[in-house]
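> one predicted model, sequence on top.
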Protein chains: 2
Amino acid sequence: MKTVEQQILAGDQQAIARLITAVENNSPVAIDVMRSLHRHTGHAHIIGVTGVMGGGKSSLIYKLSSVMRKKGLKIGIIAIDPTSPFTGGALLGDRIRMGELSDDPDVFIRSMGTRGMLGGLSGAVYDVIEILDAAGKDVILIETVGVGQAEVDIVKVADTTIVLLVPGLGDSIQTIKAGLMEIADIFVVNKADKPGADQTVAELESFLDVYAPTVSQRKPVIVSTSVKENMGFEDLHEQIQLHYMFLQKNEKVVEKRKIRYEVVLVEIIRKRLMGLIYDQKRLTQTVDQLVSDVVQRKLDPYTAADTIFSSLIK
Amino acid sequence: MKTVEQQILAGDQQAIARLITAVENNSPVAIDVMRSLHRHTGHAHIIGVTGVMGGGKSSLIYKLSSVMRKKGLKIGIIAIDPTSPFTGGALLGDRIRMGELSDDPDVFIRSMGTRGMLGGLSGAVYDVIEILDAAGKDVILIETVGVGQAEVDIVKVADTTIVLLVPGLGDSIQTIKAGLMEIADIFVVNKADKPGADQTVAELESFLDVYAPTVSQRKPVIVSTSVKENMGFEDLHEQIQLHYMFLQKNEKVVEKRKIRYEVVLVEIIRKRLMGLIYDQKRLTQTVDQLVSDVVQRKLDPYTAADTIFSSLIK
């Protein structure tokens, strides 16, 4: 009989799903499997897909996956968008359309919430990436909604970040500028069949003309796609590969992965420390008691924190 | 000369702004001020406003604030929405419209990002609430974008949570159900002048008929508003007060505040612990060295975390 590790390395979809659930539940056995899987990772190209809601991220991922599957690539998809059809958050029709992908034994799809008290990407996302990487996926696509912290987190995780825009959002570039513009390696103007698509591309181009890329140090490219007309996805796939080659040629993959594993490491430590806070055996006063004192103004939150801190830290 | 504490208690807007910045920068002096301010808090009614992008959250807050100001209430506004006009992320016109509020000495406006590695509400938000509360604000309005973690966080912070919907989003209730429906104490159907507003209200009503409120244990109310026709904001204010009275009558304010201060406490501890991780004097191996080993597959992230953990924890 195969060990869990062997099952994962063989790409067994059910074993992958079970291990993810076990890791999410902090199973110590699962953590031990994670320890041994790490040396089998480093192969997968991690691609973040983010952008405005209603921009068609899920459909784009679906179409892009089809192109990649035709080239024989094994795919993992992680959806961290509460409104994504992958997560079941949206319309039934969309979910059915994903059927073709979910029946493919070389495509693994997992939807995840933004769990944990302080949100952003759930810590378990990093474990899922490791598992899918070890399981031999060539590409891991991560879908996040393009607002708030997830957009900032995704760039720390992904080798290549795709930002999706759609024509006709009027002031799209204006409103989106704040966070999304800086993180894109590739801009996709989706729904390119719609009126205004050319204008959105033109606006983007003039934005990029005056823009010095801070994160990737490579001028982002713009790709137009249309799910309706099944257009642009081959081109998008090519641009994704070109970006990955750029990273590899310039040692930037290692740089990117250092950033990711720092996030991973800090997250593991954070999670453990948070566990300790609720470990009553370690504390002279429980969090609950301290909180009551804070609410009654017997104690301020900072002094309450001191109490916990001094019982935990060397 | 007044101490910083005295200035804050007197509601000095510049002192408030300075203290917030100092706390954001982890100034130890500022933290000491925070310690002494806590006993002066507990007065403010904390109101979260969340909902879909483009729903007009900022305009609603603007209108609601005008109603509250007319009743003599002192107001704090915290905007944690990257696309909010309060944060300067959106159109110039919106920013100008806020002018009337920002010139009012009894209205304090602060925009904040979702800082910190793991996002959601920035830890500094909790400090800003404490400061504004101590500074005598009667009402603190917190604007968050209604996706991802912020929506989940806000309900832990706010006494009253307002969820904004707009007509004509088609499947609005369908897509929004996942997270937002459960957290609302008050639903606002904004842009009630638009076609479809009645239908949205009717849909909401039938949703609420079959819905057992989990968080607030009180059936949410629905208020229709229109910024354009300056309609519904008096009604909204009344509903906000009724909800607060309900909380106070049922000892639920204390319950709510326990939840908030637990978040606050955990956040303070998290922040300090995260600081320790990067305190090289405490560690036998720096995070940077460990991350390099992880990237080179000499070490897995969990074992790297063990190393840091054992140098820090009792």
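Happy to help now that I have it.
> what's the longest helix in chain A?
The helix that spans the most residues within chain A, counting by DSSP state H, is helix A:252-277.
> average pLDDT for it, rounded please.
The average pLDDT within helix A:252-277 is 88.
> for that helix, packing partners?
Applying 3 or more Cβ pairs under 8 Å, 6 or more residues apart in numbering or on different chains; DSSP states H and E, one finds that helix A:252-277 contacts helix A:123-134, helix A:149-157, helix A:233-249, helix A:301-312, helix B:252-277, helix B:287-295, helix B:301-312. Every residue, glycine included, has its C-beta placed from N, CA and C.
> burial count for the nearest residue to residue A:63 once chain neighbours are set aside?
Ranked by Cβ to Cβ, 6 or more residues apart in numbering or on different chains and with sequence neighbours excluded, the top spatial neighbour of residue A:63 is residue A:233, at 4.6 Å. By other Cβ atoms under 10 Å in any protein chain shown, the residues close to residue A:233 number 21.
> and residue A:136, how many neighbours does it have?
Other residues within reach of residue A:136, judged by other Cβ under 10 Å, total 16.
> actually residue A:277, sorry about that
Residues near residue A:277, counting by other Cβ under 10 Å, number 21.
> same question for residue A:244.
Residues lying near residue A:244 (other Cβ under 10 Å) number 19.
> ok, back up a step: let me know which of the helices and strands packed on helix A:252-277 is tucked in deepest.
The highest average neighbour count among the helices and strands packed on helix A:252-277, using mean count of other Cβ atoms under 10 Å in any protein chain shown, belongs to helix A:149-157 at a mean of 25.
> once you drop chain neighbours, what's closest to the residue of the stretch 201-314 of chain A found nearest chain B?
In the stretch 201-314 of chain A, the residue that lies nearest chain B is residue A:300 (3.5 Å; Cβ to the nearest Cβ). Computed as Cβ to Cβ, 6+ apart, the closest residue to residue A:300 that is not its neighbour in sequence is residue B:38, at 3.5 Å.
> doesn't residue A:301 make contact with that neighbour?
Yes - between residue B:38 and residue A:301 there is a contact under Cβ atoms under 8 Å: 6.6 Å.
> identify the contacts common to the two.
Residues touching both residue B:38 and residue A:301 (Cβ atoms under 8 Å, 6 or more residues apart in numbering or on different chains): A:294, B:130.
> bridging residues for the residue nearest to the spatial centre of chain A?
The C-alpha lying nearest the average C-alpha coordinate of chain A belongs to residue A:142 (Cα atoms, centre = their mean; 4.1 Å). For residue A:142, the beta-bridge partners under DSSP bridges are residue A:48, residue A:78.
> hang on, it packs against residue A:49?
Yes - between residue A:142 and residue A:49 a contact is recorded at 6.8 Å, counting by Cβ under 8 Å.
> follow-up on the earlier one: could the helices and strands packed on helix A:252-277 go into CSV alongside distance to residue A:274?
Listed next are the helices and strands packed on helix A:252-277 as CSV, based on distance: least, Cβ to Cβ, whole Å:
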stretch, distance to residue A:274
helix A:123-134, 10
helix A:149-157, 18
helix A:233-249, 33
helix A:301-312, 11
helix B:252-277, 7
helix B:287-295, 18
helix B:301-312, 12
